Every structure is written in structure tokens, then in C-alpha cells.
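1. need the 3D shape of this:
(one chain, ligands or ions: 3)
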Amino acid sequence: MKALQYRTVGAAPEVVTVPDPEPGPGQVLLKVTAAGVCHSDIAVMSWPAENFPYPLPLTLGHEGVGTVAALGAGVTGLSEGDAVAVYGPWGCGTCAKCAEGKENYCLRAAELGIMPPGLGSPGSMAEYMIVDDPRHLVPLEGLDPVAAVPLTDAGLTPYHAIKRSLPKLVAGSTAVVIGTGGLGHVAIQLLRAMTPARVVALDVTEHKLELARAVGAHDAVLSDAQAAGKVRDLTSGTGAQAVFDFVGVEPTVRTAAAVAGVEADVAIVGIGGAALPVGFGLLPFEVSVTAPYWGTRAELMEVLALARSGAVSVHTETFSLDDAPLAYERLHAGTINGRAVILPNG
Ligand code: NAD
Ligand code: ZN
Ligand code: ZN
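-> Ligands and ions are numbered 1, 2, ... in the order given. The predicted structure follows:
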């Protein structure tokens, strides 16, 4: 079968032919219908060889939906042809966090060498993929595969971050979304569907801000040195109750700190690597800063349910598997608006 692989540290990913995978005991083989292109893959492909954490070659793709093509020995509860979404942050399934459905925070994944598809295990950018356990699959139940696939990360990750801050996002509150790309443009829609908050979006080009407004941002502000002042003015000087930074670089975490009000939540979701110092007098009183990772199994079900209700619609641009390297180039250049989706069997 064809697969998009990251083969050599520092080189572009390549479309190659690899052996067709077969499901072992307990595993599920999916025929992949759609695979989402996440900016985290670009970060992965920029890491140096010395401490690169995954085995190479690596089949990319940690957002995947497909149809069940074959069941490994002992798998029950699924049938060939079922349309499913893959819950990506695989855990051990039995530790205290996994027992709560928080496999994204599995206590034993590192020790047991369990790695998500596309982030260590073979991913969704291939004609077929292996899913280690049927519990990692959620039925699509009528959702369109292209529209649904970004929900497994670009939907689930902001959903998890927003859910934690719901008690603060009451009527009259303000939520700030920094970076309105794949994750950010879904975050705006989730905030509008889940809260009465005023949503203020920041990005670096007018093109991105247009999408932010189109998907529901009340205000869209260019992310420059004046941005924090403009956002504070929009809140009559008191600042926002929640800030979601989908970039995580020095200028954006500084903006996040500058727009946070007292008792605000600041979630640094982007993996730009910048730090936000926390200490008395450094931030408004009782600001809480977190760096969340992906979301829980139950939250993926909730995000898919929200999408079925029509509350979320992901802006997508599709590419063939042969054109997948181009999708990454375009994402790197900042010219994807919304989420790029690969069709490995299209
Ligand atoms: P994306 O490229 O689709 O979106 C990023 C957006 O940020 C773009 O629209 C870009 O124009 C904008 N941007 C860049 N610099 C900016 C600045 N200075 N101010 C405001 N906006 C700026 O990327 P994505 O796939 O949505 O991922 C967003 C980030 O989240 C990445 O860092 C990714 O690695 C990370 N991520 C984290 C998790 C997690 O679990 N923590 C999960 C998925 C992705
Ligand atoms: Zn991702
Ligand atoms: Zn676990």
C-alpha cells in the first residue's frame, strides 16, 4: 500500500510503498478514508536527530477516520464496513487515568512504549492503518469523514481546554483565541456553542481573521505589538476570563499574559516552546496557566455529538496522498486556512 512517511531527520516526508498491514490479535485494520494534517507534525519533523523520540521511518497522521476492513483474533463489537474515528492518544487502558478515559494522560504509556498513531506508531496517512484496540474507535454515526477527521485532534484538543474553563466563561465574560488555524478556528466555534462568552480572535493575516469572523468570532484583531491593548480595550480594561494560545511562542504567551484578567485561565496549547513565568506580581491575581495535551475518550464522543448537532463545521481543504507533502509545505508556509485533509483512498 502507499503511505506518507517521515524517513530521514530533516528531510521532507515521502510517499512510499510499504507492506499491507495485517491486524494481530485484538487489533483492528481500518481502510483510511481521511487523515488530518496537524502543525505538530511540522514540529516533529524539525526535531534534531540526537534525541528524536520515535522509530523511523514513521508513517505520519494522528488524525484518522476509516472503515473497518478486518478484525484481529478475539475482536468483538465491530463489523467490517463500520465507519469510525480514531481516538489518537492511546494509553495502557488500565491505569488510574485511563480508567477515567484520560488515556491522553496515561501514567504508563512511556514505560510500556505505547505511542499514538502517527506519533511513534504507524499513522493514518496510508491506505490502511492498524488500531491497537477497538476501544480507540468511536462510531461516526453519519458524520462526513472529511469534516469529522479534524475533530479527533483539532476539535478534541480545544474542547478539552475549553471544558476546563467553562465555569469562568459566564455571560459577560471574554475568551481570547490566539492562532485561528486548524485548532483555533474550531475553538472559536466550540466557544460559541458551549458558552455565552464574547470571543476575540487573534492571528497574523487578514485572510485568517476573515475565517475567524466567518466561524463566529465577535472580534478579530491582528496579532501584533498593539494587540494586547486592543483586546483589553474590548473588555473595558478588565481583561479576559480565559485565553487559549494555539501558537505558544514568545510573542503569543506575552500577549496571553497581557490580556488575562484576575482569576483568568491561560491554556498554552501550541507547542512553540515559550514559557510563561508564574509568580506573585508577574500575572494578575490567581491566574492559572496550563499546558494541556489532547483530550479524553469521552470528550471525543462529546465533540462528535456536537458536530452532529450542527454546532461545529470544520473548514477543510482536501489533498490526495500523492499531494500530502504539498499539504505540509502549504501548512508550513501559513497558506492553509482551516485544516488540510488527506484522502489516502480518494
Ligand atoms: P495551524 O498552523 O493550523 O494554526 C496556527 C495558527 O497560528 C495559524 O493560523 C497561524 O497564522 C497562527 N499564528 C502564527 N503565529 C502567530 C502569532 N504570532 N500570533 C497569532 N497567530 C499566529 O496549526 P494547528 O495544527 O492548529 O496547531 C496549532 C498549535 O497547536 C501547534 O503548535 C500544534 O503543534 C499545537 N497542538 C498542540 C496540541 C496539544 O495537545 N497541546 C494538539 C494539537 C496541536
Ligand atoms: Zn495534532
Ligand atoms: Zn494508562
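2. C-alpha from now on. contacts and neighbour counts both.
-> OK.
3. and the helix or strand harbouring Ala298, what's buried?
-> Using DSSP states H and E, the element containing Ala298 is helix 297-308. For helix 297-308, burial by neighbour count (16 or more other Cα atoms under 10 Å) applies to 297, 299-301, 303-308.
4. what's the offset of it from the middle of its chain?
-> Helix 297-308 sits 14 Å away from the centroid of its parent chain (Cα atoms, centre = their mean, to the nearest Å).
5. wait, does that helix contact ligand 3?
-> No: using Cα under 5 Å from the ion, helix 297-308 stays clear of ligand 3, coming no nearer than 12.3 Å.
6. what's the closest non-adjacent residue to Asp133?
-> In space, and not counting its chain neighbours, Asp133 is closest to Gln27: 5.2 Å by Cα to Cα, 6 or more residues apart in numbering.
7. quick one: the helices in the stretch 201-346 of the chain, in order.
-> 206-214, 227-234, 250-259, 297-308, 324-333 (DSSP state H, counting those that start in this stretch).
8. those residues of the chain touching ligand 1, which are they?
-> 38-40, 153, 157, 178-184, 202-204, 208, 223, 246-247, 251-252, 269-272, 292-294, 331, 334 (Cα under 6 Å from any ligand atom).
9. now with 5 Å?
-> Residues of the chain lying close to ligand 1 (Cα under 5 Å from any ligand atom) are 38-40, 179-183, 203, 223, 246-247, 269-271, 293-294.
10. out of the helices of the stretch 201-346 of the chain, flag the one nearest Glu14.
-> With respect to Glu14, and counting by Cα to Cα, the nearest of the helices of the stretch 201-346 of the chain is helix 324-333 at 6.8 Å.
11. output stretch 38-54 as CSV, nothing but the C-alphas.
-> Taking C-alpha atoms only, stretch 38-54 is exported to CSV below (Å, rounded to 0.1, in the frame of the first residue of the first chain):
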residue,chain,number,x,y,z
CYS,A,38,-1.6,18.9,12.1
HIS,A,39,1.0,21.5,12.8
SER,A,40,2.5,19.2,15.4
ASP,A,41,3.9,17.0,12.6
ILE,A,42,5.9,20.0,11.4
ALA,A,43,7.3,20.4,14.9
VAL,A,44,8.2,16.7,15.0
MET,A,45,9.9,17.0,11.6
SER,A,46,12.0,19.9,13.0
TRP,A,47,13.4,17.9,16.0
PRO,A,48,17.1,17.1,15.9
ALA,A,49,18.4,13.5,15.2
GLU,A,50,20.2,13.2,18.6
ASN,A,51,17.1,12.9,20.7
PHE,A,52,14.4,12.1,18.1
PRO,A,53,11.9,10.0,20.2
TYR,A,54,10.2,7.8,17.5
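12. tell me the one among the buried residues of helix 297-308 nearest to ligand 3.
-> Ranked by distance to ligand 3 (Cα to the ion), these are led by Arg297 at 12.3 Å.
13. please name the nearest non-neighbouring residue to the closest one.
-> Excluding the flanking residues, the one nearest Arg297 by Cα to Cα, 6+ apart is Gly101, at 5.2 Å.
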